[in-house]
Each structure stands twice: as structure tokens, then as C-alpha cells.
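Chemist: got a predicted structure plus its sequence, pasted below:
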Amino acid sequence: MPKNKLIVDADLFLFDLDGTIYLGDKPIPGVIDTLKQLTAMGKKVCFLTNNSSKDKTEYIKKITKMGYPVDLFQIVTSTMATIHYLHTRKPGKSVYPLGTPTFVKEIENAHIKIEEDADIVLLAFDTTITYDKLWKANILLNSGKEFIATHPDLVCPHELGDMPDVGSIIALFETSSGRTPSVICGKPHSPMAEIISSLFYVEKSRIAMIGDRLYTDILFGINNNMQSILVLSGETTKEMLDASGIKPTYVFDSIVDLFEEE
Ligand SMILES: [Mg+2]
């Protein structure tokens, strides 16, 4: 019997990427058919990533190549949530970005002023970080400038081994300046929910957030009154779930289990 009965009653399905849709460059078995099945039913499908080092087009190419054609509007990044936050809450403020050239270009394209003696230290996932950038940012933080980060993830999974992510650099600045960000924009925080609300007109209770990480994906769903679905296809094990206070609405082995046999 084919699995064609959808278990989760929602209109918008927000999917994390790494550990949920793919592991590195390999799609998790069955996920492409599941995405196609949801789309064929008229469900809205969107991919939500905290990674602020890459451009949306890279994700479009990657998922489309795996067999699910993606449109630009279906990818939402923590960079978009950050830009939306800066435009709406900090209009006219300048930033000193710690980010990749791709991130800096997105900030420039959004007409946010970049300068050395900026109002805000803006920390993104900077895989091109240098000692000089860390030092300059530390001087600004010590002089009392505002501190905003794109997302809180401690590490980014990689085939060669975990990469230190924004959360680890936040810990560095906490040590060197005693400062922590006043706002973090990506999952599980509210600016990411605000960008979703501005893009999709779907009630929170009709949204399902699906991901493999408890402290970002699942907490995002819980914090924002969405349904939350943990998949065990990525970093979280059954033991980690049992030991955690964060409890998702559903737990599946992978997104394939969104459907069951009728
Ligand atoms: Mg993930």
C-alpha cells in the first residue's frame, strides 16, 4: 500500500535543510517524493535555514538538482530575517558586518549602510573571518555599540567535521568583551517568525515546523505557537530527546513519516 494519508493537519510546512532534507550532498531517502506529494496536495512548502553564509540561489540549485524544483520564494534564510528586522526596527542604523562576501552583498543590496565605526556589530556565519575583523568588532562592543547576530547555532554540520558557527563566536565575544547579542534573528527567535508572517498569510496554528535540531527548529515552532515535528534523520537521537525539556508535537524517523498507509 502506498503511504498517502497525511498525518499532520497544516497548510504551510517549514522544513529545515541539513539533517532534515539532506545530509551533506545526499538527499535523505524518500524526502523528494514526500515534498512532491505535499505540493501535489496544494500544501505550501518552504525551506528555512539559519545559515547566513550562503545565498538563496545555492539552496535552490542544490534541492532542484536532487529532484524537487524550488522557487525563490520557498527559501527563507536568517539573513532575510535579519534584514527585515533591521529595516523595521533599526531604520537608518549602520552595521559592521562579520560575514562572508555573499552576506555583505545581501546587506548592501538591502541598502543597509556599512561602516567601520558602525552603530551595530552584525555577526553572521563568517567562514572568511579574520583576527582583524574579530578585533575591530571587539573594540566596537567595548565602546557600547549594539550587538545583533543572525542565528544562535553552535556548530554547522559538515562531512569533514563540525564547523564553529555563530553561537561559538558569540561565546568568544562574551569572553573578550562581556557582551552578548541583544537580538538574535534566526530560529528559534521571533524575527524569523516575523519574516514568515510577512511572506505567507497562514495562521500560526496552521504552520508545521519540521527539523532535526531541538534548540533551534523545535523551539522555534514551540515559541511561535506552530506545530513542531522532530525528525531523527539528523543530529538529535532518541536519547537526546528523552533528556531534553523541549518536547515536539510529533517525532518521526524522517519526513517520509508525514504520510502513513491509508
Ligand atoms: Mg538541521
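Modeler: Structure received. Predicted model, so just to flag it, every value in this text is computed and none were measured.
Chemist: CA only for contacts and neighbour counts going forward, please
Modeler: OK.
Chemist: up against the ion, what does the stretch 1-150 of the chain have?
Modeler: Neighbours of the ion within the stretch 1-150 of the chain, by CA under 5 Å from the ion: Asp18, Gly19.
Chemist: and the residue of the stretch 101-250 of the chain found nearest the ion, how many neighbours does it have?
Modeler: Closest to the ion within the stretch 101-250 of the chain is Asp212: 4.9 Å, counting by CA to the ion. Asp212: 28 surrounding residues under other CA atoms under 10 Å.
Chemist: ok, which stretches of the stretch 151-262 of the chain are helices?
Modeler: 166-177, 190-199, 219-223, 238-243 (DSSP state H, counting those that start in this stretch).
Chemist: and the contacts of the last one?
Modeler: To tie it back to what came earlier, the one meant is helix 238-243. Leu214, Leu232, Lys247 (CA atoms under 8 Å, 6 or more residues apart in numbering).
Chemist: and which of the residues you listed is nearest Leu122?
Modeler: Distance ranking of those against Leu122, using CA to CA, places Leu214 first at 24.9 Å.
Chemist: what's the neighbour count on the residue nearest to the closest one when sequence neighbours are not counted?
Modeler: Closest residue to Leu214 apart from its sequence neighbours, by CA to CA, 6 or more residues apart in numbering: Ile246 at 6.6 Å. Residue neighbour count, defined by other CA under 10 Å, stands at 12 for Ile246.
Chemist: contacting residues for Ile246?
Modeler: Leu214, Tyr215, Ile218, Leu219.
Chemist: then Ile107?
Modeler: Neighbours of Ile107 in contact, by CA under 8 Å, 6+ apart: Ile83.
Chemist: which SSE is it in?
Modeler: helix 101-109 (DSSP states H and E).
Chemist: can I see the domain layout of this protein?
Modeler: 3-50+187-261, 91-184 (automatic domain parsing).
Chemist: indicate which one of the ones you listed is closest to Thr57.
Modeler: domain 91-184 (11.1 Å).
Chemist: centre of the chain to the closest one, how far?
Modeler: Computed by CA atoms, centre = their mean, to the nearest Å, the separation of domain 91-184 from the middle of its chain amounts to 16 Å.
Chemist: for it, what is the average pLDDT?
Modeler: Domain 91-184 carries an average pLDDT of 97.
Chemist: one more: stretch 204-218?
Modeler: Stretch 204-218 shows a mean pLDDT of 97.
Chemist: list of residues touching it?
Modeler: 8-17, 19-20, 152-153, 187-188, 220-221, 224-236, 241, 246-248, 255.
Chemist: how far is it from where the chain is centred?
Modeler: 11 Å.
Chemist: tell me the buried residues in that stretch?
Modeler: Lys204, Ile207, Ala208, Met209, Ile210, Gly211, Asp212, Arg213, Leu214, Thr216, Asp217, Ile218 (16 or more other CA atoms under 10 Å).
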